[in-house]
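**Student:** no FASTA, just this:
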Ligand SMILES: [Zn+2]
């Protein structure tokens, strides 16, 4: 007979479960095995995902008081249980979607067929606006007819399942209680950001649309936006062969071992079945962290590698004595913040001149383009967050949501969005909130690093050890806003981002 359920048993078996799950993802996505076997894992560990497990963490949460370490742990464990409870019930819907996405084919009016999963690549690569419009209208028709109803059902179910657990009244209040993040506060910041940067956007977006696409902004759709941001004018300065060595050199100069004494395993070899995008798989934290990539070269590759390296360093330098919930769970705004701290090095002229092929004559144009992209993504994510609070909030009917989606996203970006994407272009469980807070956190961290270690902190041998000690070592025990206050003495906000974008757009 196995030992009775307890928080200790949840931690112990949760650790093994996470290790096995992460290894499945690593091996399947890196081409070492054909497909991930996830359902058998849930079966093997069914005791820690039972109703009793949920109840034990609920009791621990209710029995702890706000502001204590017990509450900090209990909140994360309960959040994990609530998420698993809902993921398990949604698994069949998720599998149905994955199967659809793998098989679906977009039928173009000129007789061609494109696999659904390639449409954004085809749209990004097409330099002919009429071709893009043709692909986009076929994609929208297919998504509206087949994928959107499945996604809508999934979000309805997710909302119902979460609300039925009865932790707080409604999905949003439950998420706020379990995450420690105020949605109303973040939403108000997003609304202010959209207002404050409207003038800047109106000034720059039409010019870029004209120059890159030869189109008036008001004629563009999201398909044209894909082509606009796929523009490869600077790729020659970011060759594949130099990427790994240049970035390793930088991290070493900062006083951090890029392989964390063997705990980070760089999987850079070519292999059949290996995904083309870089990813980080924390299998045993902090002792076995994989950074997988297949270098192609180009700007996006460099920034993806930097992003995933930020995650890998975070996991590999976490203090091993911290409990499961601080190493595997917690506010992902923190780990995304470190990942963004590293990928935003691509917006630092000094860093670019030292480690890439970009020269002083080409970097001003590169930085203007990067500033435009940054502003676009922030405006898009602000609009998404506002929309998603309505999607999960429940005050609007499901039928009313697509019009709101189109209105919010189109007016924030200037690109016309499609109703069909209203349930497709959604980050489940408010991951958009984590990204937005990560954006804010990395800006404050970069300011703090500059104050402590100068503008070229990224090559100051004292900066790395401070980062390991004060940031990575803490794992994900703190919420992003707590960490911002501890490290910089400032509250998270969009203000430093607005200042930086203004400087970049010059
Ligand atoms: Zn990330």
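**Tutor:** On my side now, so go ahead. What you see is a predicted model, and the numbers here were worked out from it, not measured in a lab. Residues are numbered from 1 along each chain as shown.
**Student:** make it CA atoms for all contacts and neighbour counts henceforth
**Tutor:** Noted.
**Student:** wouldn't residue 336 be in contact with residue 433 here?
**Tutor:** No. Under the criterion of Cα atoms under 8 Å, residue 336 lies out of contact with residue 433, with a separation of 10.9 Å.
**Student:** which neighbours do these two share?
**Tutor:** Overlap between the neighbourhoods of residue 336 and residue 433 is empty, taking contacts as Cα atoms under 8 Å, 6 or more residues apart in numbering.
**Student:** Now do the contacts for the spatially most central residue of the chain.
**Tutor:** The chain has residue 435 as the residue nearest its centroid, 5.6 Å off, counting by Cα atoms, centre = their mean. Taking Cα under 8 Å, 6+ apart, we find residue 435 in contact with 333, 336-337.
**Student:** if you set the cut-off to 7 Å instead, what comes out?
**Tutor:** Contacts here follow Cα atoms under 7 Å, 6 or more residues apart in numbering; on that basis residue 435 touches 333, 336.
**Student:** Distance-wise, check it relative to residue 204.
**Tutor:** As for residue 435, its distance to residue 204 is 24 Å (criterion: Cα to Cα, to the nearest Å).
**Student:** Beyond the helix or strand where the residue nearest to the centre of the chain lies, next helix or strand please.
**Tutor:** Here residue 435 is covered by helix 431-453, with elements defined by DSSP states H and E. Following the chain from helix 431-453 toward its C-terminal end, the next helix or strand by DSSP H and E is helix 463-466.
**Student:** got a list of contacts for that next one?
**Tutor:** Around helix 463-466, the neighbours that count as contacts under Cα under 7 Å, 6+ apart are 254-256, 453, 457.
**Student:** could I get these as JSON lines with neighbour count and distance to residue 422?
**Tutor:** Converted to JSON lines, the contacts of helix 463-466 look like this (neighbours: other Cα atoms under 10 Å; distance: Cα to Cα, whole Å):
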{"residue": "254", "neighbour count": "22", "distance to residue 422": "43"}
{"residue": "255", "neighbour count": "19", "distance to residue 422": "45"}
{"residue": "256", "neighbour count": "22", "distance to residue 422": "43"}
{"residue": "453", "neighbour count": "17", "distance to residue 422": "45"}
{"residue": "457", "neighbour count": "20", "distance to residue 422": "42"}
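**Student:** ok, which pair from the residues you listed is furthest apart?
**Tutor:** Taking every pair in these and measuring Cα to Cα, the maximum separation is 14.6 Å, between 256 and 453.
**Student:** ok so, going back, I'd like the contacts of helix 463-466 laid out as CSV, including pLDDT and distance to residue 296.
**Tutor:** CSV is the format used below for those (pLDDT from 0 to 100; distance: Cα to Cα, whole Å):
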residue, pLDDT, distance to residue 296
254, 98, 26
255, 98, 28
256, 98, 26
453, 98, 33
457, 98, 28
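**Student:** from those, which is closest to residue 115?
**Tutor:** Proximity of the contacts of helix 463-466 to residue 115, judged by Cα to Cα, is greatest for residue 256, which lies at 42.8 Å.
**Student:** Can you report phi and psi for the closest one?
**Tutor:** Dihedral angles of residue 256 (phi, psi; degrees, to the nearest 10) stand at phi -120, psi 140.
**Student:** go on, residue 114?
**Tutor:** Residue 114 adopts backbone torsions of phi -130, psi 130, taken as degrees, to the nearest 10.
**Student:** Repeat that for residue 105.
**Tutor:** Listed backbone geometry of residue 105 is phi -130, psi 130, with angles given as degrees, to the nearest 10.
**Student:** Spatially, what comes nearest to it if we skip its sequence neighbours?
**Tutor:** Nearest residue to residue 105 in three dimensions, chain neighbours excluded: residue 115, at 4.4 Å (Cα to Cα, 6 or more residues apart in numbering).
**Student:** How about the contacts made by the one you found?
**Tutor:** Taking Cα under 7 Å, 6+ apart as the definition, contacts of residue 115 comprise 104-106.
**Student:** The same query, at a cut-off of 10 Å, please.
**Tutor:** 101-107, 122 (Cα atoms under 10 Å, 6 or more residues apart in numbering).
**Student:** Then residue 378?
**Tutor:** Taking Cα under 10 Å, 6+ apart as the criterion, residue 378 is in contact with 190, 193-194, 384, 412-413, 435-436, 439, 494, 497-498.
**Student:** Now stretch 110-129: buried residues?
**Tutor:** Neighbour counts over stretch 110-129 (16 or more other Cα atoms under 10 Å) mark 116, 119-120, 122-127, 129 as buried.
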